[in-house]
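Q: Provided below for reference: sequence and predicted model.
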Amino acid sequence: MLRSIKLKDKILEVPIIQGGMGIGVSLSNLASSVRKEGGMGVISAAMPGFNEPDFETNSLEANIRALKKEIQKANEVKRGLLGVNIMVASRNYESYVKASVEAGADAIISGAGLPLDLPKYAEGKIMLAPIVSSAKACRLLCRVWDKHHNTTPDFVIIEGQKAGGHLGFKKKDLEDGTYQTLEQILKEVLEELVPFEKKYNKQIPVFVAGGIFTHEDIQNYIDQGASGVQMATRFIATNECDAHENFKQMILKAKKEDIVYVKSPAGFPGRAIKNEFVKRTETESNQSVSNCLACMLPCTPSSTPYCITRALIRAVKGDMENGLFFCGTSAEKIHEIIDVHTLMDQLKGEVKEQ
């Protein structure tokens with residue numbers, strides 16, 4: 001059985017955070033379902049307005065409108081907590097932070113870069129959780145927040161090398177195996193947080209992510225000092241996931257050799273399922289995007305590898321050949337689609353997995 005934990009002035013009944021997945025893979029339906037089970041549901045702020053009628057002509061306003069709408073829907077559930085995942089590499093980062101605060105989310109979870117200025121935008125009105133992949137990054141962020149914003153994280157998420165989507169590791173280290181394990185990073189991050197916990201007289205819970213699949217995996221990391229876990233890929237293969245059925249089938253069919261590293265216009269390596277689209281990115285030269293939606297800061301429309309927004313939208317809508325299907329290493333272990341209630345019961349250790 002998993003124990004509840006305190007996050008600032010709130011209680012997370014079940015210490016499981018459903019990872020934020022864009023574009024449109026984790027919106028209010030999935031987040032609400034996780035909340036109903038006592039966990040933290042997370043909405044991705046990566047282009048949530050892709051279905052809005054004015055998305056192509058007015059993408060920022062469409063995204064802000066849709067994000068607020070999704071947060072408000074998820075807040076109809078009064079159990080659990082609600083987070084919003086916002087990538088630092090996103091253009092208009094500040095606007096997404098403020099929209100999340102205004103709409104009433106409980107927490108902002110932020111990675112794909114270090115969210116050094118996040119406290120300035122949030123103005124103390126919401127819990128803040130950076131995503132890090134090393135103790136060095138955690139130390140730097142905590143020092144900057146302490147010095148410039150007089151605050152410290154409310155909780156921290158460590159994403160290890162087995163996670164899906166954008167990864168906080170160099171591709172060469174990933175390919176050569178010259179990276180720290182999640183266990184090693186956890187130990188060091190816990191040590192780095194001690195002086196900040198003492199200064200601010202509060203515990204800073206640490207959640208770990210990447211390759212976690214079973215209740216036993218969760219308990220193993222809790223025994224090593226983690227407060228809980230973040231999981232994303234397992235939640236794709238649920239009835240309540242916001243993605244198209246074809247996306248879920250891609251997860252079910254994925255074998256170990258199908259899960260590969262991809263290059264991203266965001267400037268980070270990523271992990272995804274190898275399909276015709278990914279094969280083309282490996283052989284074709286950079287594209288020139290004529291109708292740019294200005295989604296990522298590092299991306300240059302005239303010489304991007306591909307338009308990641310279009311690729312992720314094709315995926316969430318079920319285009320199995322031309323979409324980009326991000327996933328973690330655990331995808332190879334998933335063989336059925338179940339409901340969130342059953343999955344959460346399994347992860348809590350209340351029922352055995354089949």
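A: Great, that's in hand.
Q: quick one, what contacts the spatially most central residue of the chain?
A: The chain has Gly20 as the residue nearest its centroid, 3.5 Å off, counting by C-alpha atoms, centre = their mean. Shown in contact with Gly20 (C-beta atoms under 8 Å, 6 or more residues apart in numbering): 26, 42-46, 83-85, 109, 232. Just so you know, the C-beta spots here come from the backbone N, C-alpha and C atoms, and that holds for glycine as well.
Q: rerun that using 10 Å as the cut-off
A: Listed by C-beta atoms under 10 Å, 6 or more residues apart in numbering, the contact set of Gly20 reads 26-27, 30-31, 41-46, 83-87, 109-111, 131, 165, 230, 232.
Q: tell me the SS of it?
A: coil (DSSP: H, G, I helix; E, B strand; the rest coil).
Q: distance check, it against Lys202.
A: For Gly20, the distance to Lys202 equals 24 Å [C-beta to C-beta, to the nearest Å].
Q: ok, Lys170 next?
A: Applying C-beta to C-beta, the value for Lys170 to Lys202 is 33 Å.
Q: then Ile131?
A: From Ile131 across to Lys202, the span is 20 Å (C-beta to C-beta).
Q: who has more neighbours out of these two?
A: Ile131 (28 against 14; other C-beta atoms under 10 Å).
Q: that's a strand at the more buried one, yeah?
A: Yes: if the criterion is three-state DSSP, then Ile131 is within a strand.
Q: grab the nearest non-local neighbour of it.
A: Nearest non-adjacent residue to Ile131, counting by C-beta to C-beta, 6 or more residues apart in numbering: Gly111, 2.9 Å away.
Q: can I take it that Val260 is in a strand?
A: Yes: when three-state DSSP is applied, Val260 is found to be in a strand.
Q: can you give me the helices in the stretch 51-200 of the chain?
A: With DSSP state H, counting those that start in this stretch applied, the stretch 51-200 of the chain shows helices at 59-74, 93-103, 118-122, 135-149, 171-176, 182-200, listed in chain order.
Q: mind listing what's buried along the fourth one?
A: Applying a neighbour-count criterion of 16 or more other C-beta atoms under 10 Å, the buried positions in helix 135-149 are 135, 137-139, 141-142, 145, 149.
Q: on that earlier part again, count the residues that sit near the residue nearest to Ile131.
A: Gly111: 27 surrounding residues under other C-beta under 10 Å.
Q: tell me how far it lies from Leu141.
A: Distance, Gly111 to Leu141, by C-beta to C-beta: 11 Å.
Q: which residues are common contacts for the two?
A: Residues touching both Gly111 and Leu141 (C-beta under 10 Å, 6+ apart): 130-132.
Q: was I right about Glu37 contacting Thr238?
A: No: applying C-beta atoms under 10 Å, one finds Glu37 not in contact with Thr238, separated by 11.1 Å.
Q: Gly270 pairs with what?
A: For Gly270, the beta-bridge partners under DSSP bridges are His166, Val262.
Q: relative to Arg143, how far out is it?
A: Separation of Gly270 from Arg143 (C-beta to C-beta): 28 Å.
Q: and Lys202, what's its pLDDT?
A: What the model reports as pLDDT for Lys202 is 96.
Q: what sits against it?
A: Lys202 touches 6, 8, 152-154, 196, counting by C-beta under 10 Å, 6+ apart.
Q: let's see that with 7 Å instead.
A: Neighbour list for Lys202: empty [criterion: C-beta atoms under 7 Å, 6 or more residues apart in numbering].
Q: and it, that's in a strand?
A: No: under three-state DSSP, Lys202 sits outside any strand and is assigned coil.
Q: this structure: strands as residue ranges?
A: 5-7, 10-12, 16-18, 40-44, 81-87, 107-111, 127-132, 156-159, 165-166, 206-209, 228-231, 259-263, 269-273 (DSSP state E).
Q: tell me who's in contact with Val88.
A: Applying C-beta under 7 Å, 6+ apart, we find Val88 in contact with 110-115.
Q: need those residues in a markdown table (columns: distance to Thr57 and pLDDT).
A: Converted to a markdown table, those look like this (distance: C-beta to C-beta, whole Å; pLDDT from 0 to 100):
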| residue | distance to Thr57 | pLDDT |
| --- | --- | --- |
| Ser110 | 28 | 97 |
| Gly111 | 29 | 93 |
| Ala112 | 26 | 89 |
| Gly113 | 28 | 91 |
| Leu114 | 33 | 95 |
| Pro115 | 29 | 97 |
